[in-house]
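Undergrad: pasting a predicted model and its sequence here:
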Amino acid sequence: MTADNRKKQLEQLFDAAVSAVSGRQAVTNAIAEDAPLSPSLIIAVGKAAAGMTLGALDEWPDCAALVITKYGHVTDELDAFPGVRVMEAAHPVPDENSLSAGKLLFDSIEALPAESHVLFLVSGGASALAEALPSDVSLSELKAMTDEMLATGKTIDQINTRRKTHSLIKGGKLIERFPGQRIRVYAISDVEGDSIAVIGSGLGDTNRLPDKGTSRIIASNKIARQAVASKAEQLGLTVMENSETLYGDIFELADRLGPFIANAPPGVYLFGGEPIATLPEHPGRGGRNQSLALALSAHIAGREDISMLVAGTDGTDGPTSAAGGLIDGTTWSETKASDALRRADAGTYLEQCGGLFATGPTHTNVMDLLIAIVD
């Protein structure tokens, strides 16, 4: 098989994963499976908020909806529904709009009548996109704390645990203020273990309001990987590995998975999770997936039978518009690639060699995927 054919198949496998966990489809499926609900308000927060809201509006087109999502992650399809209010904010580091969004959530929840029913939709990114801070914590302090955690390779669980201690709405605190009859939470998981207490820093955690609230996970990395496996079978490929083990430092992962894949028999090798990266003082352009892809390329340099894709299922990788990197045996260049990795500038390097993988917003977020095809 040629490198171009492997690239096409990798893109098809990634598309199958994203389609299986799309916000719209996941919400549609969940509504069909659950008991009937007549919401008086739909609230959606996260990078998948637009797609999840469309799934709900397909069922209740006249329902009022509040959508809080990342800049550039809104879809024009929402314009067809006059009852939808959209607010965009920053991710992964919050901004002024994040605080405005947090206040809007507060006001919207507290203004609900006692007989109200709410559908609350949460996905990855919610932690940064909406926040309400105590009086002794400023936005600049929150930004500095977020920058420090991101730069020092903290896991999403560690980051969200700390965020909850400084928030008036995370950890179920917003849900606890709900005055109505019933609040149902659907969540798309972007965390290891799929815990509602961790997704969005527990923004949709109903444990503080058990008599009124229920929650369930409607999409996950596991579901995405199952879709990859099914698509691979359709393409006549054999899946040799399918595991959620893509956790840890990107360089340690590259040193472990690179030789494993380089010495593996023909087939598809699939890993899910969320790597972490430690950044230098003045990082270049890129994200954890672009850096991991470039680091992996060192282990298959010169090979004509292996291609790999490492990408975020949300279509973004760190503070960039790319999803990740698509690499093969021609990607690695010892001097230039090593320097790019050292400076956390993998995105610039991959763009120059044609290995940058961009999809645009996918309206879902179930962590990251590494897909390798060995001929």
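TA: Happy to help now that I have it. Numbering: from 1, shown residues only.
Undergrad: the longest helix along the chain packs against which elements?
TA: The longest helix of the chain (DSSP state H) is helix 3-20. On a contact count with 3 or more C-beta pairs under 8 Å, 6 or more residues apart in numbering; DSSP states H and E, helix 3-20 meets helix 221-234, strand 306-312, strand 324-328, strand 368-374. The way it works is simple: take the backbone N, C-alpha and C, and place the C-beta from them, glycine included.
Undergrad: give me that answer again for 10 Å
TA: helix 221-234, strand 267-276, strand 306-312, strand 324-328, strand 356-357, strand 368-374 (3 or more C-beta pairs under 10 Å, 6 or more residues apart in numbering; DSSP states H and E).
Undergrad: mean neighbour count and mean pLDDT for these - can I get that in CSV?
TA: Shown next, in CSV, are the helices and strands packed on helix 3-20 (neighbours: other C-beta atoms under 10 Å; pLDDT from 0 to 100):
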stretch, mean neighbour count, mean pLDDT
helix 221-234, 19, 98
strand 267-276, 22, 97
strand 306-312, 28, 98
strand 324-328, 29, 98
strand 356-357, 24, 98
strand 368-374, 25, 98
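Undergrad: how about a markdown table for these, with distance to Trp60 added?
TA: Output for those, formatted as a markdown table (distance: least, C-beta to C-beta, whole Å):
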| stretch | distance to Trp60 |
| --- | --- |
| helix 221-234 | 24 |
| strand 267-276 | 32 |
| strand 306-312 | 30 |
| strand 324-328 | 35 |
| strand 356-357 | 36 |
| strand 368-374 | 32 |
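Undergrad: so after the helix-or-strand element of the chain with minimal mean pLDDT, what's the next helix or strand?
TA: Among the helices and strands of the chain, helix 156-165 carries the lowest confidence by mean pLDDT, DSSP states H and E, at a mean of 78. As assigned by DSSP states H and E, the chain's next helix or strand after helix 156-165 is helix 173-176.
Undergrad: show me where the stretch 51-200 of the chain has its strands.
TA: When secondary structure is read from DSSP state E, counting those that start in this stretch, the stretch 51-200 of the chain shows strands at 65-70, 84-89, 117-122, 182-188.
Undergrad: and the nearest residue in space to Met240 that is not next to it in sequence, what does it touch?
TA: Setting aside the residues directly before and after it, Met240 is nearest to Gly267 in space (C-beta to C-beta, 6 or more residues apart in numbering), at 3.6 Å. By C-beta atoms under 10 Å, 6 or more residues apart in numbering, the contact list for Gly267 reads Ala232, Leu237, Thr238, Val239, Met240, Glu241, Ala372, Ile373, Val374, Asp375.
Undergrad: about what we covered before: can you say which of the helices and strands packed on helix 3-20 is nearest to Gln290?
TA: Closest to Gln290 of the helices and strands packed on helix 3-20, according to C-beta to C-beta: strand 324-328, at 4.7 Å.
Undergrad: roughly how far is the closest one from the heart of the chain?
TA: Here the centre of strand 324-328 is set off from its chain's centre by 19 Å, with C-alpha atoms, centre = their mean, to the nearest Å.
Undergrad: in the least confident helix or strand of the chain, what's buried?
TA: Ile156, Ile159, Asn160, Thr161, Arg162, Arg163, Lys164 (16 or more other C-beta atoms under 10 Å).
Undergrad: next one: stretch 330-348
TA: Thr330, Thr331, Trp332, Ser333, Ala337, Ala340, Leu341, Arg343, Ala344, Asp345, Ala346, Gly347.
Undergrad: the last one reaches Gly284, doesn't it?
TA: The one in question is Gly347. Yes - with contacts counted by C-beta atoms under 10 Å, Gly347 reaches Gly284, the gap being 7.2 Å.
Undergrad: tell me which of the helices and strands packed on helix 3-20 sits nearest to Glu141.
TA: Proximity to Glu141 (C-beta to C-beta) singles out strand 267-276 among those, at 22.9 Å.
Undergrad: what's the angle between the closest one and strand 368-374?
TA: Angle, strand 267-276 to strand 368-374, by axes from the mean of the first three to the mean of the last three C-alpha atoms, to 10 degrees: 150 degrees.
Undergrad: how far does strand 267-276 sit from the chain's center?
TA: Here the centre of strand 267-276 is set off from its chain's centre by 14 Å, with C-alpha atoms, centre = their mean.
Undergrad: with stretch 109-125 instead?
TA: Distance of stretch 109-125 from its chain centroid, counting by C-alpha atoms, centre = their mean, is 22 Å.
Undergrad: average pLDDT for stretch 116-126, rounded please.
TA: Stretch 116-126 carries an average pLDDT of 96.
Undergrad: need the distance between the two termini of that stretch.
TA: With C-alpha to C-alpha, to the nearest Å as the measure, stretch 116-126 spans 23 Å from end to end.
Undergrad: over to stretch 280-290?
TA: Chord length of stretch 280-290, first to last residue, is 16 Å (C-alpha to C-alpha).
Undergrad: same check, this time on stretch 66-82
TA: Across stretch 66-82, the terminal residues are separated by 11 Å (C-alpha to C-alpha).
Undergrad: pull up the overlap in contacts between Gly347 and Gly284.
TA: Shared contacts of Gly347 and Gly284 (C-beta under 10 Å, 6+ apart): Ser291, Ala340.
Undergrad: ok, the buried residues of stretch 330-348 vs Asp62, which is closest?
TA: Gly347 (43.2 Å).
Undergrad: and the closest one, that's in a strand?
TA: No - going by DSSP: H, G, I helix; E, B strand; the rest coil, the assignment for Gly347 is helix, not a strand.
Undergrad: just to revisit the earlier point, using PDB, write out every CA atom in the longest helix of the chain.
TA: The C-alpha trace of helix 3-20 is given here as PDB (Å, rounded to 0.1, in the frame of the first residue of the first chain):
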ATOM      1  CA  ALA A   3       1.700   6.200   1.800                       C
ATOM      2  CA  ASP A   4      -1.100   8.200   0.100                       C
ATOM      3  CA  ASN A   5      -3.500   5.200   0.500                       C
ATOM      4  CA  ARG A   6      -2.600   4.800   4.100                       C
ATOM      5  CA  LYS A   7      -3.200   8.500   4.700                       C
ATOM      6  CA  LYS A   8      -6.600   8.200   3.100                       C
ATOM      7  CA  GLN A   9      -7.500   5.200   5.200                       C
ATOM      8  CA  LEU A  10      -6.300   7.000   8.400                       C
ATOM      9  CA  GLU A  11      -8.500   9.900   7.600                       C
ATOM     10  CA  GLN A  12     -11.500   7.600   7.000                       C
ATOM     11  CA  LEU A  13     -10.900   5.900  10.300                       C
ATOM     12  CA  PHE A  14     -10.700   9.200  12.200                       C
ATOM     13  CA  ASP A  15     -13.900  10.400  10.500                       C
ATOM     14  CA  ALA A  16     -15.700   7.200  11.600                       C
ATOM     15  CA  ALA A  17     -14.600   7.800  15.200                       C
ATOM     16  CA  VAL A  18     -15.800  11.400  15.200                       C
ATOM     17  CA  SER A  19     -19.100  10.600  13.500                       C
ATOM     18  CA  ALA A  20     -19.900   7.900  16.100                       C
END
